[in-house]
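*Asks:* return a 3D structure for these sequence lines:
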Amino acid sequence: MAIQWFPGHMHLTKKAIAERIKDIDVVIELLDARLPGSSANPMLAELTGHKPALKVLNKQDLADPERTERWLAHYNARPDTRAIGLDASQTAPARQIIDACHALAPTRGGMAKPMRVLICGIPNVGKSTLINTLTGSRKAKTGDEAGITKLEQRIVLADDFYLWDTPGMLWPRIIVAKSGYNLAASGAVGRNAFDEEEVALELLAYLKQHYAAQVQARFAIEPIAGLSDEEVLDAIGRKRGALLGKGRVNLQKAAEIVMHEFRSGNLGRITLETPEEFAQWLAAGQEADARRQAKKDARKARKKGGQPDADEAPTEEP
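*Replies:* Sure, this is the predicted structure:
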């Protein structure tokens, strides 16, 4: 199943960023530290061009520390880019952002040249919580549902530091299938855009390979190494009492339990991808997308030439 979610307000956000970026000094992209590659918006890179970028790996308190260090090194190796990790609810680490922006744009500062920063991120990545932490007030609405912020707003962090907040935005077509599942598992995608059971099974498949001990400890179940993903989900449902009549497991309820435990951090500190894994997924996704586009172009060419599609059987004369 391909997971896609691009509500109408995201089109408006894209237009607003394209217009605003001309006057921006630094672009902050807030990433989910549990899925830094999947939560990086490829469309944002196209919109912001060569502006200095600050990658903030948020929710690092929920992520695997060793993998977070690998992702920070990955982004810090890029030109005109800095990366930091933080928990948006903690005041002191959040202040790192202002210093990092000045390091990226050292000629900006003071009333004559105030720092102008745009902050972007996928839905439900913690952007509003971070802004409220930075300002010490409730400037932005927060919630655990994707798509809370709907309008752009300007926030003054200091007399010479202006921050423009934008609504959470995904991209029109997610070409990396694994990213779609990871985004759904994290809560970045609206619930009507995916099947909870399918996403939970994908999540369990990865956890079984990399974090089996944490799954077993949290749900108090037997070793899961030799079980199928479906059997693991069934075992969790039975342990948590998600049952239907005649002892059958309510797999929908069990899936919801699995995703809630992951999102809340109850399973422990988990990261669903490494830089190397994501690079492989991206390459495969780009290759598949190129094949899809080639087929689409070929169909258009055949139709333009009056030829039937290759997958259409020719009609014989009676």
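
*Asks:* please enumerate the helices of the stretch 1-150 of the chain.
*Replies:* For the stretch 1-150 of the chain, helices defined by DSSP state H, counting those that start in this stretch occupy the ranges 8-20, 42-48, 65-76, 91-94, 96-104, 127-135.

*Asks:* quick one: which of the ones you listed is nearest residue 246?
*Replies:* helix 65-76 (42.4 Å; C-beta to C-beta). For the C-beta atoms, the positions are set from N, CA and C on the backbone; glycine is no exception.

*Asks:* which strands and helices sit next to the closest one?
*Replies:* With contacts taken as 3 or more C-beta pairs under 8 Å, 6 or more residues apart in numbering; DSSP states H and E, helix 65-76 sits against strand 53-58, strand 81-86, helix 275-304.

*Asks:* now with 6 Å, please.
*Replies:* strand 81-86 (3 or more C-beta pairs under 6 Å, 6 or more residues apart in numbering; DSSP states H and E).

*Asks:* domain-wise, how is this protein divided?
*Replies:* As given by automatic domain parsing, the domain ranges for the chain are 8-165, 177-264.

*Asks:* end to end, how far does the shortest one reach?
*Replies:* Domain 177-264 has its terminal residues 24 Å apart, counting by C-alpha to C-alpha, to the nearest Å.

*Asks:* run the chain-centre distance for it.
*Replies:* Here domain 177-264 is found 19 Å from its chain centre; the criterion is C-alpha atoms, centre = their mean, to the nearest Å.

*Asks:* can you put the domains of the chain in JSON lines and add distance to residue 270, mean neighbour count and mean pLDDT?
*Replies:* Converted to JSON lines, those look like this (distance: least, C-beta to C-beta, whole Å; neighbours: other C-beta atoms under 10 Å; pLDDT from 0 to 100):
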{"stretch": "domain 8-165", "distance to residue 270": "6", "mean neighbour count": "18", "mean pLDDT": "84"}
{"stretch": "domain 177-264", "distance to residue 270": "5", "mean neighbour count": "18", "mean pLDDT": "95"}
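
*Asks:* can you redo those domains as CSV with distance to residue 279?
*Replies:* As requested, the domains of the chain are exported to CSV (distance: least, C-beta to C-beta, whole Å):
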stretch, distance to residue 279
domain 8-165, 8
domain 177-264, 12
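
*Asks:* nearest to residue 218, of the helices of the stretch 1-150 of the chain?
*Replies:* Per C-beta to C-beta, nearest to residue 218 of the helices of the stretch 1-150 of the chain: helix 65-76, 18.5 Å.

*Asks:* what's the angle from the closest one to strand 53-58?
*Replies:* Helix 65-76 and strand 53-58 meet at an angle of 170 degrees, taking axes from the mean of the first three to the mean of the last three C-alpha atoms, to 10 degrees as the criterion.

*Asks:* contacts for helix 65-76?
*Replies:* 33, 36, 55, 60, 81, 83, 85, 271, 274-275 (C-beta atoms under 6 Å, 6 or more residues apart in numbering).

*Asks:* now the most centrally placed residue in the chain: closest residue in space, sequence neighbours ignored.
*Replies:* Nearest residue to the geometric centre of the chain (C-alpha atoms, centre = their mean): residue 39, 2.6 Å. Spatial nearest neighbour of residue 39, excluding adjacent residues (C-beta to C-beta, 6 or more residues apart in numbering): residue 32 at 4.2 Å.

*Asks:* measure the one you found to residue 237 for me?
*Replies:* 27 Å (C-beta to C-beta, to the nearest Å).

*Asks:* next one: residue 49
*Replies:* Separation of residue 49 from residue 237 (C-beta to C-beta): 49 Å.

*Asks:* what does residue 204 give?
*Replies:* Relative to residue 237, and taking C-beta to C-beta, residue 204 is found at 12 Å.

*Asks:* partner residues bridging the residue nearest to residue 39?
*Replies:* With beta bridges defined as DSSP bridges, residue 32 has these partners: residue 58.

*Asks:* can I assume it is in contact with residue 124?
*Replies:* No - using C-beta atoms under 6 Å, residue 32 makes no contact with residue 124, being 8.6 Å away.

*Asks:* which among the helices of the stretch 1-150 of the chain is found nearest to residue 117?
*Replies:* Checking those against residue 117 by C-beta to C-beta gives helix 96-104 as the closest, at 5.6 Å.
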